[in-house]
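Asks: coordinates for the following, if possible.
(chains A and B)
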Amino acid sequence: MVKREVVGAHYGLRDWLAQRITALVMAVYSVLMVLVFIRMPALDYLHWKGLWGLPAVRFSTVLFLLSLYYHAWIGMRDIVMDYIKDPGLRLAFYVVVIGALICYAVWSVQILWGL
Amino acid sequence: MAKPRPKYLNLFQIRLPLPGVISIMHRVFGAALFLVLPLLLYAMQVSLESPRSFEALMTVLAHPFWKLVALGLVWAYLHHFCAGIRYLAIDLDYGSDLGPARASAWAVLAVSVALTLLIGAWIW
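Replies: Now for the predicted structure:
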C-alpha cells in the first residue's frame, strides 16, 4: 500500500469554515438590524445617535464588522489567488488588503465609541 | 474521433448557465462591497459626528445620483446575502441536484432584485 502524503499549508478547511461562520454572524445581524431600523420612531440625529450608543448595538456591530473584515479577507485572497499569478504582485495585494482591513477595524471602533 | 477542444477561453463565447451567472455576480458584488468599505465607514462617521453633519449627509443622500449608488449597494448586499444562503444550503446538501440548484439560482436573482426594487420605491 502506497502511503500518500497530502501536502499544503492546511489552512483550506479552516478558512472555508470561517467564511461560513462569519457569513452566518453577518446574516443574523443584518436581519436583526433591519427589524431595529423598521421599528425606529423617526430617522433624526437624536434617535440615530441614541441607537448606536446602545451597548448591545455597539458590541453586536463590532462583532459584525470583525466578521465582515475576516470574511472580506478570505474572499479577496481567493480572488487574488485566482487571477494574479505573479508571486510578488500577489504578495503586494495581500499586504494592501490586510493593511486596509486592519485600518478599517481600528476606524470602526473609533466611530462606534466616538473617539 | 476526439472532439475539437477550444484552444483558448473566450469569455464572450462561453454561455454560463444561471447558477454560473449567480456565482460570478456573488464574486463581483463581494469585491465591490470590499472596495466601498471606506466610503461606508466615512458615511457612518459623518452621520454620528454632529446634528449638522448628519443633516449634511442626509442632503447628499437625497440626491438622485447617491440614491442610485446606495440602491446599487443594497442590491449588491442583498444578492451576496441570498446567494450566500444558497451556498450554505448546497454545502449542507440541500438542493444540490441540477433541477433544484437551477431553481434556487432563479430564486436568488428574483428575491434580491424584488427586495431592491421595494427598497428603491420606498426611498424614492
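
Asks: biggest helix in chain B by residues?
Replies: Across chain B, the helix with the greatest residue count (assigned by DSSP state H) is helix B:64-91.

Asks: and it, what's buried?
Replies: Residues of helix B:64-91 classed as buried by neighbour count (16 or more other CB atoms under 10 Å in any protein chain shown): B:70-71, B:73-87, B:90. Heads up, the C-betas are built off the backbone N, CA and C, glycines and all.

Asks: same for it, what does it pack against?
Replies: Packed against helix B:64-91, as judged by 3 or more CB pairs under 8 Å, 6 or more residues apart in numbering or on different chains; DSSP states H and E, are the following elements: helix A:12-38, helix B:18-35, helix B:51-61, helix B:98-123.

Asks: would JSON lines of these with mean pLDDT be doable?
Replies: Compiled in JSON lines, these are given as follows (pLDDT from 0 to 100):
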{"stretch": "helix A:12-38", "mean pLDDT": "95"}
{"stretch": "helix B:18-35", "mean pLDDT": "96"}
{"stretch": "helix B:51-61", "mean pLDDT": "96"}
{"stretch": "helix B:98-123", "mean pLDDT": "95"}
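
Asks: so which of those helices is nearest A:L112?
Replies: Proximity to A:L112 (CB to CB) singles out helix A:12-38 among the helices and strands packed on helix B:64-91, at 13.6 Å.

Asks: please state the mean pLDDT value computed over the very next helix or strand once past that closest one.
Replies: Later in the chain than helix A:12-38, the nearest helix or strand by DSSP states H and E is helix A:45-53. Taken as a whole, helix A:45-53 has a mean pLDDT of 95.

Asks: thinking again about what came up before, relative to helix A:12-38, how tilted is the longest helix of chain B?
Replies: Following axes from the mean of the first three to the mean of the last three CA atoms, to 10 degrees, one obtains 130 degrees for the angle between helix B:64-91 and helix A:12-38.

Asks: between helix B:64-91 and helix B:18-35, how many degrees?
Replies: Using the same axes, to 10 degrees, the inter-axis angle of helix B:64-91 relative to helix B:18-35 is 130 degrees.

Asks: backbone dihedrals for B:L92, please?
Replies: B:L92 adopts backbone torsions of phi -90, psi 10, taken as degrees, to the nearest 10.

Asks: around chain B, which positions in chain A sit nearby?
Replies: Selection of chain A residues close to chain B by CB under 8 Å from any CB of the partner chain yields A:20, A:23-24, A:27, A:30, A:44-45, A:48-49, A:52, A:72, A:75-76, A:79, A:97, A:100, A:104, A:107-108, A:111, A:114.

Asks: return a PyMOL selection command for the buried portion of these.
Replies: Command for PyMOL, covering only those of the residues of chain A next to chain B found buried under the criterion 16+ other CB under 10 Å:
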select buried, chain A and resi 20+23+45+48+49+52+72+75+76+79+97+100+104+107+108+111
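
Asks: grab the most central residue of the chain for me.
Replies: Because you didn't say which chain, this covers chain A. With distances taken as CA atoms, centre = their mean, A:L68 lies nearest the centre of chain A, 1.6 Å away.

Asks: hmm, I had chain B in mind actually
Replies: Closest-to-mean residue, chain B, CA atoms, centre = their mean: B:A76 / 2.4 Å.

Asks: that residue reaches B:A31, doesn't it?
Replies: No: between B:A76 and B:A31 there is no contact, the gap being 9.6 Å when judged by CB atoms under 8 Å.
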